[in-house]
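Undergrad: predicted coordinates and the sequence they were generated for:
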Amino acid sequence: MFKKIFTPVGKAATFMAVGAGGYWWFSQREFIDEVPRGEERYPVQQISAKRGVQIVAPTWSPPTREVQLNRMRDEEFDVLVIGGGATGSGVAMDCATRGLKVAMVEKEDFASGTSSRSTKLIHGGIRYLAQAFQSKLPPQSISDVFKNFRFKKEYLDVVSADLDERAYMIQSAPFMTKPVPMMIPLYRWWEVPMMYVMGSLYDFIAGRRRTVPPSHFIPRSEALYQFPALKQHDVHGNELKGCLVVYDGQQNDTRMNLNIALTAAQNGAVIANHTEVLSLLSSGDREAENGDYKITGARVKDTVTNAEFNVRAKQVINACGVFSDSIRRMADPAVADIMVPGPGTHLTLPDYTSPASMGLVWFTTDGRVLYLLPWEGATIAGTTDAPGEVTFEPKPTDQEINFILSECNRVLRDKVSRETVRAAWTGLRPLVRDPNAAPGDTKALSRDHVIDVTAGGLVTIAGGKWTTYRKMAQDAVDRALQVSPELRTAATGGCVTSSMKLIGADRGNLVCHQNFNKVAIALRESYEMDKDIAEHLCHNYGTRALQLAEMATREPVGRVRAQSATCESTFFWKRLSPQHPQLQAEVIFAIRHEYAETAVDVMARRTRLGFLDVKVALQVLPRVLDLMQEELGWSSERRTQEEASVIRFLNSMYLPEKQSDSATAPPLKDRLLY
């Protein structure tokens, strides 16, 4: 029976085989022998590496943070963007590539909020697709399927738009993004044709923009081979019939966010992290009837030096996610809040919890979608979906952790427990208030984005999700041009981001002709790196991995030491931890080329160790502090402050003690070091 139903799988396999053959042919192309002339936009250098190999590596580095802050203080901008998450960085990139003079400030670090705490997926929304046809999820019987049937086109519109952006994101940073297959386990016979139709519809909506392999059905034997830990029976005793394999994209969210910000800077944007907005500047009278009230910039504070200054701009765009209402109230204290934070918790589990190349997705008992995905040498499980409060340091609750663990144990043969968890984190989804939603029901709140214009012409872009950051940015800039028509003359063109690639993607075809396997091979052959290190660097830095390699090979460890004595690099390819591929060289590269100012910047958002394994992060902290102190010239007092900040951050990433033990629980540092 399955052969008749799933004949299209043969066609899909043929298509994939042809694509694989084309990819093989393309992968045979070598590094170019010489640097093409006239490519000033993407500066590169030709390097004579070991064994006589000629390698082309990028050389661009962003202006220093001091230079950027001085420009903000001294110049007037067309647009000031508040917020350095995915959307804010996308707005800065959109403005810069339209020829607008743009500045962007971020209170903490790029991607320090929700943008660093996602499920790491680039997706169109499987749940939205199901909700387009079912009023209640998941159906428990075939009669439920018919009883709860409905059709809501608006859900399909969201899925279609999101799949458009999925295609863009995957193509914009091909060194980092990759298709990730996810199995949906099917334990009842009627689920097989129903889910197969859903997967086919998902692919059909994506159409020629799919950019990932097509969905397909695999029988029970193949499913258990691909995912041995999958339970053969569900809680009701139903035997596994097979699995639908669907594909979406996957990313390293903080590094993707950083690449967007750096791409904006490379196109002329003036960006600064650790720069807090204290108040908005304005002209005219907000209460006057003549309507001359206008937001003209912001009073900001450099939280590294505590210096305060004004940033002047013709238009301000607020892209602060769940914190957008606080900026809106600066423009108009009487404005009503529109943001509803939706905490979502994830757990980091050991790599053996899932296969290295296969994830799992299923509907929970209350209609949510839960993922179990391989990521960066670990496994992430999540997410929850519950109402919450706006806070800068959200923490996972005992209830959320137990929910994720119980749901995992519902589908996995090998039990996971609190002792299995390496890290736990909570992010606040920027949900937009829906007046028709039931109080406290975040599943009914819109994930689509909303543009709000407050008194004084403040444009706020809110809602949406990671995958749609580019379209959100485009819509926000389009609206800003309507609010401030004088900017139209300053812009040299329209939006071009839908066809752009990000920094590290070999945009000029000068390094590897977009074949990033060649970068990993060069790192292994010419710089004698271990395979896992080379793949890690290539995946997270793209062509900039060669720039990092050159820095670590030829430059001193610390600028402070280099000024006082002649010295050679002493870290080279030393790992921060023997358990992970992250290098000590990445700490220095993050400072020199990626605006890392604090130890938390490095531990959480450049190396990701704080998200991967809290115990390992704490173990490597002294070495990270040594490197940063030597490079930045920190005093002993500053080093102590940085250590305390990292400990506080790791506390928010680790499991909360059981409520009965919380009063007597030792501090995190003491708990992790026995």
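TA: Structure received.

Undergrad: wouldn't Lys518 be in contact with Arg524 here?
TA: No. Using Cβ atoms under 8 Å, Lys518 is not in contact with Arg524, being 10.8 Å away. For glycine as for every other residue, the C-beta is placed from the backbone atoms N, C-alpha and C.

Undergrad: let me see the ranges of the helices in the stretch 351-500 of the chain.
TA: 398-411, 469-483, 487-490 (DSSP state H, counting those that start in this stretch).

Undergrad: what sits up against the shortest one?
TA: The list of residues contacting helix 487-490 from outside it, by Cβ atoms under 8 Å, 6 or more residues apart in numbering, reads Asp78, Val79, Gly99, Leu100, Lys101, Lys314, Gln315, Ala480, Leu481.

Undergrad: are any of these buried, and which?
TA: Buried members of the contacts of helix 487-490, scored by 16 or more other Cβ atoms under 10 Å, are Asp78, Val79, Leu100, Lys101, Lys314, Gln315, Ala480, Leu481.

Undergrad: Lys518 and Arg524: which is more packed in?
TA: A count of neighbours by other Cβ atoms under 10 Å puts Lys518 above the other of Lys518 and Arg524, at 21 against 16.

Undergrad: JSON lines for the helices of the stretch 351-500 of the chain, including mean pLDDT and distance to Arg73?
TA: Output for the helices of the stretch 351-500 of the chain, formatted as JSON lines (pLDDT from 0 to 100; distance: least, Cβ to Cβ, whole Å):
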{"stretch": "helix 398-411", "mean pLDDT": "94", "distance to Arg73": "43"}
{"stretch": "helix 469-483", "mean pLDDT": "97", "distance to Arg73": "23"}
{"stretch": "helix 487-490", "mean pLDDT": "94", "distance to Arg73": "21"}
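
Undergrad: which stretch among those comes nearest Leu621?
TA: For Leu621, the closest of these is helix 398-411, at 24.0 Å, according to Cβ to Cβ.

Undergrad: what is the closest one packed up against?
TA: Applying 3 or more Cβ pairs under 8 Å, 6 or more residues apart in numbering; DSSP states H and E, we find helix 398-411 packed against strand 339-349, strand 359-363, strand 369-375, strand 378-382.

Undergrad: and the spatially most central residue of the chain, what does it touch?
TA: A centroid search over the chain (Cα atoms, centre = their mean) returns Asp253, at 1.7 Å, as the residue closest to the centre. Contact partners of Asp253, counting by Cβ under 8 Å, 6+ apart, are Ala86, Ala111, Ser115, Ser116, Arg117, Ser118, Lys120, Trp466.

Undergrad: who wins for neighbours among those residues?
TA: Neighbour counts for these (other Cβ under 10 Å) peak at Ala86, which has 32 neighbours.

Undergrad: state the distance from it to Asp234.
TA: The gap separating Ala86 from Asp234 is 37 Å, by Cβ to Cβ, to the nearest Å.

Undergrad: and if you look at His580?
TA: 36 Å.

Undergrad: okay, those two: which has more neighbours?
TA: Just comparing His580 and Asp234: by other Cβ under 10 Å the higher neighbour count belongs to His580, 22 against 16.

Undergrad: ok, so of the contacts of helix 487-490, who is nearest Ala265?
TA: Lys101 (13.1 Å).

Undergrad: wait, isn't the closest one in contact with Asn267?
TA: No. Using Cβ under 8 Å, Lys101 is not in contact with Asn267, being 11.3 Å away.

Undergrad: which element is Leu280 on?
TA: Taking DSSP states H and E as the definition, one finds Leu280 inside strand 275-283.

Undergrad: show the average pLDDT along the helix or strand just after that strand.
TA: Using DSSP H and E, the next helix or strand after strand 275-283 towards the C-terminus is strand 294-302. The predicted model assigns strand 294-302 a mean pLDDT of 98.

Undergrad: how far off centre is strand 294-302?
TA: Relative to its parent chain, strand 294-302 has a centroid offset of 28 Å by Cα atoms, centre = their mean, to the nearest Å.

Undergrad: give the pairing partners of that strand; include direction for each.
TA: Strand pairing for strand 294-302, using DSSP bridges, gives strand 275-283 (antiparallel), strand 307-318 (antiparallel).

Undergrad: what angle sits between it and helix 469-483?
TA: 130 degrees (axes from the mean of the first three to the mean of the last three Cα atoms, to 10 degrees).

Undergrad: buried ones in strand 294-302, by neighbour count?
TA: Going by neighbour count (16+ other Cβ under 10 Å), the buried part of strand 294-302 is Lys294, Ile295, Thr296, Gly297, Ala298, Val300, Lys301, Asp302.

Undergrad: tell me how many other residues surround the closest residue to the second one other than its chain neighbours.
TA: Of all residues not flanking Ile295 in the chain, Gly456 sits nearest, at 3.9 Å (Cβ to Cβ, 6 or more residues apart in numbering). Neighbour count of Gly456, defined by other Cβ under 10 Å: 21.

Undergrad: ok, Gly456 - contacts?
TA: The contact partners of Gly456, by Cβ under 8 Å, 6+ apart, come to Leu280, Ser282, Arg286, Tyr293, Lys294, Ile295, Ala331, Asp332.

Undergrad: need the pLDDT of the third one.
TA: The score at Arg286 is 85. That number is its pLDDT.

Undergrad: now it: how far from Asp332?
TA: 7 Å.

Undergrad: so what sits against both of those two?
TA: With contacts taken as Cβ under 8 Å, 6+ apart, Arg286 and Asp332 have Ala455, Gly456 as neighbours in common.

Undergrad: which of the helices and strands packed on helix 398-411 sits most buried?
TA: Mean neighbours per residue, mean count of other Cβ atoms under 10 Å, is largest over the helices and strands packed on helix 398-411 for strand 378-382, with a mean of 26.

Undergrad: now do the strands in the stretch 151-300 of the chain.
TA: 178-186, 216-219, 242-250, 270-272, 275-283, 294-302 (DSSP state E, counting those that start in this stretch).

Undergrad: which other helices and strands contact the host helix or strand of Leu80?
TA: For Leu80, the element it lies in under DSSP H and E is strand 76-82. Secondary-structure packing of strand 76-82 (3+ Cβ pairs under 8 Å, 6+ apart): helix 86-97, strand 102-105, strand 294-302, strand 307-318, helix 487-490.

Undergrad: now render those as TSV, adding distance to Val616.
TA: Formatted as TSV, the helices and strands packed on strand 76-82 follow (distance: least, Cβ to Cβ, whole Å):
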stretch	distance to Val616
helix 86-97	27
strand 102-105	32
strand 294-302	32
strand 307-318	36
helix 487-490	48
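
Undergrad: looking at these, which is nearest to His346?
TA: So among the helices and strands packed on strand 76-82, helix 86-97 is nearest, using Cβ to Cβ, at 16.8 Å.

Undergrad: show me what that closest one is packed against.
TA: Counting contacts by 3+ Cβ pairs under 8 Å, 6+ apart, helix 86-97 is packed against strand 76-82, strand 102-105, helix 253-266, helix 469-483.

Undergrad: that one to helix 469-483, inter-axis angle?
TA: Using the same axes, to 10 degrees, the inter-axis angle of helix 86-97 relative to helix 469-483 is 60 degrees.

Undergrad: please export the C-alpha coordinates of helix 86-97 as CSV.
TA: The C-alpha trace of helix 86-97 is given here as CSV (Å, rounded to 0.1, in the frame of the first residue of the first chain):
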residue,chain,number,x,y,z
ALA,A,86,18.4,40.6,14.2
THR,A,87,15.7,43.2,13.2
GLY,A,88,17.7,46.3,14.2
SER,A,89,20.8,45.0,12.4
GLY,A,90,18.7,44.2,9.4
VAL,A,91,17.3,47.8,9.4
ALA,A,92,20.8,49.2,9.6
MET,A,93,21.9,47.0,6.7
ASP,A,94,18.8,47.9,4.6
CYS,A,95,19.4,51.7,5.2
ALA,A,96,23.1,51.5,4.4
THR,A,97,22.6,49.6,1.2
